[in-house]
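Enquirer: Have a look at this prediction, sequence included:
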Amino acid sequence: MFGIFKKIFGTAHDRIIKRYWRLVAEVNQWDERFVSLSDDEVRAKTVEFQERIRRGETVDDLLPEAYAVVKTACRRLCGSEVHVSGYNQRWDMVPYDVQVVGAIALHYGAIAEMQTGEGKTLTATMPLYLNALTGKPVHLVTVNDYLALRDCEWVGAIVRWLGLTTAALIGGVSIEARPGVYAADIVYGTASEFGFDYLRDNSMAHCKEEQVQRGYYFAIIDEVDSILIDEARTPLIISGPCPQSRQLYDVLKDGVAALVRRQRDICNRIAQEAKKVLEDFRLFSAQEGEEEVKLSKEQEAARREAVRKLWVVSKGLPTHRVLKRARENPDLRDELDKLEAYYHGDQNKEERTLLLAELCIIVDERSNEYELSDKGIAVWSEVGHGAASNRASPDDFIMLDLGGEYARIDDDPTLDEDEKLQAKVALREEDGMRKERAHNLRQLLRAHLLMERDVDYIVQEGKIVIIDENTGRPQPGRRFSDGLHQAIEAKEAVPIQKETQTYATITLQNFFRMYEKLAGMSGTALTEAGEFKEIYKLEALAIPTYRPCQRKDLDDLIFMTEREKYNAILAEVRKIHATGRPILIGTESVEASEKLSRIFRQNGLEHTVLNAKYNDREAEVISLAGMQGAITIATNMAGRGTDIKLGTGVAMLGGLHVIGVSRHQSRRIDRQLRGRSARLGDPGSAIFFISFEDPLMRLFSSPRINTMLKKLRPPEGEPISATILNRSIETAQKRVEGRNYMVRKHTLEYDDVMNKQRSEIYSFRNELLHTSDPIAIAEDLLITLCENSASDFLSNRGSDEGWNPEGYRQWLMTHLPVTFTPEEFDSDYMTLEQICSIATNKVLHAFRHKIHVQQLRSNLLGESEDHDAAHKEMAAEALRNIMIRAVDKLWQEHLLAMDHLRSEVSMRTVAQKDPLMEFKHEAFALFHELGRTLRAKIATDLFR
Ligand code: ADP
């Protein structure tokens with residue numbers, strides 16, 4: 001029904017694209033008119049446009065003409081040489097009409113989905129030029145420094161030809177040179193460079209000259225999904241050393257390693273027992289399962305027992321190799337999954353607990369969680385003694401009941417008030433230490449049980465480097481948060497970094513929301529269209545391709561085991577390689593890429609590996625991947641953004657062949673990999689190899705598939721082909737994507753709370769930095785302080801408690817260097833306003849006096865009256881500094897408090913409360929408190 005309507009009227013997207021095509025026609029008309037202009041006349045257009053904008057025309061009005069000017073400029077550049085990445089390149093690009101469509105979409109703030117190779121770099125130049133005409137800051141955000149520099153040199157040539165300036169913001173640019181970079185009309189740079197500069201400008205700069213950015217008008221984010229989705233899970237953080245560290249990773253690490261070793265020994269033993277029984281019955285390996293075996297009643301019971309043992313191993317060490325082998329046998333696999341479902345049920349909880357009692361730690365691979373069993377706690381107290389200062393105890397995992405303990409102290413008749421207070425302080429201290437210790441233990445266990453070397457991170461030059469789970473890129477400088485990074489350092493026995501304190505932090509999402517206009521480009525945006533729309537209000541639009549895509553997407557080949565899969569890949573590579581076609585193999589992890597590389601080496605296949613460990617030559621490796629006979633193994637990062645050009649004659653042979661070594665958790669990443677082949681109408685093909693041992697399949701297959709596999713188990717080495725499987729893989733992927741989306745949304749919901757507070761503090765700080773009259777701000781602040789406090793003490797004349805002039809007097813005298821006699825406030829007729837104004841006047845007087853005295857003092861030192869202005873200036877600068885330092889110090893403390901609050905509320909789910917609501921509520925209270933302490937602190941500092 002709907003389908004028919006859609007055919008007649010088109011979808012909303014079709015209509016938008018149609019409207020853009022009409023604009024393209026206008027652009028082309030202008031383009032024709034410009035043919036007769038001289039080069040100088042074309043260049044003069046830039047000044048003319050700028051003038052017209054000043055006179056009130058909008059960028060929307062100018063779009064057709066401005067785009068036509070870019071097109072004209074491109075044509076005139078043809079044949080000239082442009083210096084790019086160390087080589088001279090001959091310019092040969094004039095935007096195609098579809099690129100103009102994409103350029104229009106970008107200007108209107110869409111995410112343009114353009115397949116890789118469709119020329120996004122050139123496309124972006126049009127909206128960048130148009131928006132830069134306003135003189136406001138325009139940024140193009142790339143995924144790495146190399147591309148920032150390349151794009152700036154390459155397509156930047158057009159806008160430079162037209163008289164605008166460009167600059168590349170890359171890691172090596174010094175702070176001093178950055179204001180110059182940002183002054184350019186168009187700046188090319190990575191998200192983290194822009195983001196960190198923002199944080200530095202707002203939390204580190206001590207005078208306005210130290211700030212480097214000049215605002216956020218229009219940004220186009222290249223590979224937008226990679227930046228707003230993949231990278232969005234870890235926020236940008238500027239941190240510094242923590243004044244006092246309590247972390248105990250060094251002390252605890254040996255104990256935890258011993259505990260984990262014990263768990264491994266236990267699992268080994270259980271697995272061997274089970275294996276032996278099953279082998280005796282010839283029921284263990286896959287082939288054995290095929291013949292009928294008759295078992296007696298006792299034997300059957302023993303067999304069942306053995307399978308239960310295997311299940312126990314799956315809860316203790318989910319990646320145990322005996323278990324892996326067992327799962328190759330469809331019967332066992334099915335039985336294990338049934339047991340899992342059975343023990344998942346509440347009614348079988350007791351039985352489950354009994355069965356798992358042997359394990360120290362119970363791992364839930366699906367939810368990526370684990371828990372320590374009673375036995376684990378007992379073993380911990382026995383083996384957990386590592387360094388001398390460490391005394392392991394079962395108490396390590398039990399938190400104090402603070403409320404109960406406080407009550408006990410209060411009820412203790414032997415203590416006087418002072419002693420009670422001391423007892424409580426000591427208790428809090430003890431509680432803090434225990435929490436820290438328990439937290440360190442938890443993170444160490446997590447590091448051992450759930451974080452895998454060469455999958456989640458690599459060890460490089462004595463450092464733990466995170467690998468982005470989607471792109472496979474190493475992320476040097478970034479750290480797992482909440483102590484996990486230190487825990488992994490302890491596990492891998494590399495130096496453990498000192499605890500750090502956050503000075504400033506922001507998520508990329510919230511950073512990019514600051515731009516007045518935002519747009520994005522990607523080869524694969526439609527799968528995440530919902531998220532872009534919900535969070536950034538960005539519409540994803542599929543832009544038509546220049547030539548129809550010629551790629552052959554072959555059906556997935558699915559194998560029972562990883563072993564069979566790798567053999568099949570080897571055979572495939574040999575076959576294709578013999579024809580001379582280049583092959584690009586995409587893997588999910590560094591581990592897989594190295595395994596494959598080993599296999600190829602053993603088989604004498606020459607190849608190149610590109611992964612997080614060797615990515616210096618990324619762009620170069622990728623650019624050679626299209627040569628005849630090339631074999632390239634790459635993790636998913638696969639040089640995104642760099643083009644794979646086919647070598648001579650390769651198109652004739654069939655183009656690039658892409659092999660995916662597993663389906664990724666996210667469909668988008670798979671599409672990206674496919675998209676590496678068959679660019680701009682070239683021929684090419686892509687195929688994925690999957691095994692039931694791949695993480696995706698292991699975690700998300702269904703009982704239905706197991707039943708089917710039992711019937712369909714193909715002979716060793718043969719793939720299973722069934723359409724139902726293809727569908728269930730997609731379902732599994734969708735489920736994981738959904739879960740990851742929730743995680744990101746969650747992070748953002750928390751950061752939103754922070755974001756409001758951050759922008760308030762930063763704007764106050766900026767006011768301090770930029771004001772020409774800090775003295776006025778200081779005076780304002782003193783007035784507010786006096787007023788707020790007055791209303792605390794003098795809220796209600798009617799009651800004793802609500803009207804306490806003496807209390808106010810005392811408060812003033814303890815917080816500020818002023819004295820008042822009791823009579824000054826204590827009159828029956830004085831109103832709140834009158835009392836308040838007496839107080840403020842005296843405080844302001846004292847303040848002005850202080851500044852004045854300082855001036856006098858320097859005058860006495862022999863300087864003349866002429867210096868008065870200069871001294872006033874100096875006093876102002878000193879005040880500015882005092883206030884900014886106070887803001888920074890308290891804001892940093894606040895960030896720490898917020899961190900703690902966050903981990904605290906997450907434990908409250910147990911109490912049936914919504915942690916986010918709790919967080920918002922308490923964060924608000926904390927922020928309110930911050931405002932008060934900040935004013936009080938500044939007041940004290942001002943008089944110091
Ligand atoms: P994407 O970022 O979309 O993958 P690129 O911007 O890297 O694509 O461009 C892909 C290739 O297409 C580049 O080699 C570029 O030179 C070429 N190209 C793009 N647009 C044009 C054009 N209008 N005319 C000729 N070549 C083009």
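Expert: Now that the structure is in, tell me what you want to look at.
Enquirer: give the contact list for the residue of the stretch 401-550 of the chain found nearest the ligand.
Expert: Here the stretch 401-550 of the chain gets closest to the ligand at one residue, Gly523, 6.6 Å apart by C-beta to the nearest ligand atom. For glycine as for every other residue, the C-beta is placed from the backbone atoms N, C-alpha and C. Contact analysis of Gly523 by C-beta atoms under 8 Å, 6 or more residues apart in numbering lists Glu113, Met114, Gln115, Thr116, Glu118, Arg671, Gln672, Gly675.
Enquirer: quick one: it and Pro95, what's the gap?
Expert: Gly523 is 18 Å from Pro95, where distance means C-beta to C-beta, to the nearest Å.
Enquirer: got it, and Ala540?
Expert: Taken as C-beta to C-beta, the span from Ala540 to Pro95 is 21 Å.
Enquirer: With Phe927 instead?
Expert: 49 Å.
Enquirer: thinking again about what came up before, excluding chain neighbours, what is closest to the residue of the stretch 401-550 of the chain closest to the ligand?
Expert: Take Gly523 and drop its neighbours on the chain: the residue closest to it by C-beta to C-beta, 6 or more residues apart in numbering is Thr116, 4.3 Å away.
Enquirer: Please name the residues that touch that neighbour.
Expert: Gly523, Asp643, Gln672, Gly675, Arg676, Arg679 are the contacts of Thr116 under C-beta under 8 Å, 6+ apart.
Enquirer: Helix, strand, or coil at it?
Expert: Look at Thr116: counting by DSSP: H, G, I helix; E, B strand; the rest coil, its state is coil.
Enquirer: quick one: strands adjacent to the longest strand that the chain contains?
Expert: As assigned by DSSP state E, the longest strand anywhere in the chain is strand 683-691. Note on strand 683-691: by DSSP bridges, its sheet partners are strand 550-553 (parallel), strand 557-559 (parallel), strand 656-660 (parallel).
Enquirer: For my notes, confirm Met830 occurs in a strand.
Expert: No. Applying three-state DSSP, one finds Met830 to be coil, outside a strand.
Enquirer: So it versus Trp811, what's the distance?
Expert: Taking C-beta to C-beta, one finds Met830 at 17 Å from Trp811.
Enquirer: Give me the contacts around stretch 354-374.
Expert: So stretch 354-374 is contacted by 259-260, 262-263, 266-267, 270, 308, 311-312, 315-318, 343, 375-376, 379-380, 397, 445-446, 449-450, 698-699 (C-beta under 8 Å, 6+ apart).
Enquirer: Now go through those residues and say which are in strands.
Expert: Assignment to strands by DSSP E places none of the contacts of stretch 354-374 there.
Enquirer: Only whichever of the residues you listed are buried, select them in ChimeraX.
Expert: The ChimeraX selection below is limited to those of the contacts of stretch 354-374 classed as buried (16 or more other C-beta atoms under 10 Å):
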select :259,260,262,263,266,267,270,308,311,312,315,316,317,318,343,375,376,379,380,397,445,446,449,450,698
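Enquirer: filter the contacts of stretch 354-374 down to the ones near the ligand?
Expert: Near the ligand, taking C-beta under 6 Å from any ligand atom as the test, no member of those is found.
Enquirer: Please narrow the contacts of stretch 354-374 to those residing in helices.
Expert: 259-260, 262-263, 266-267, 270, 308, 311-312, 315-316, 343, 375-376, 379-380, 445-446, 449-450, 698-699 (DSSP state H).
Enquirer: Please identify which of Phe927 and Pro95 sits among more neighbours.
Expert: Pro95 (24 against 18; other C-beta atoms under 10 Å).
Enquirer: Pretty sure that one sits against Met126.
Expert: Yes. Pro95 lies in contact with Met126 (C-beta atoms under 8 Å); the separation is 6.9 Å.
Enquirer: got any residues that touch both of these two?
Expert: Going by C-beta under 8 Å, 6+ apart, residues that sit against Pro95 and also against Met126 are Tyr67, Val70, Ala103.
Enquirer: who in the protein is up against the ligand?
Expert: 92-96, 99, 114, 116-122, 641, 643, 680.
Enquirer: Could you give me the PyMOL syntax to select whichever of those are buried?
Expert: In PyMOL syntax, the buried subset of the residues of the chain next to the ligand is picked out as below (16+ other C-beta under 10 Å):
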select buried, resi 93+94+95+96+99+114+116+117+118+119+120+121+122+641+643+680
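Enquirer: Inside helices: which ones of the residues of the chain next to the ligand?
Expert: Gln99, Lys120, Thr121, Leu122.
Enquirer: okay, among those residues, which ones form the most distant pair?
Expert: Gln99 and Thr121 (10.0 Å; C-beta to C-beta).
Enquirer: Please report how far Ser245 lies from Leu844.
Expert: Ser245 is 43 Å from Leu844, by C-beta to C-beta.
Enquirer: Regarding this protein, what is its longest helix?
Expert: helix 723-770.
Enquirer: and the angle from that one to strand 683-691?
Expert: 100 degrees (axes from the mean of the first three to the mean of the last three C-alpha atoms, to 10 degrees).
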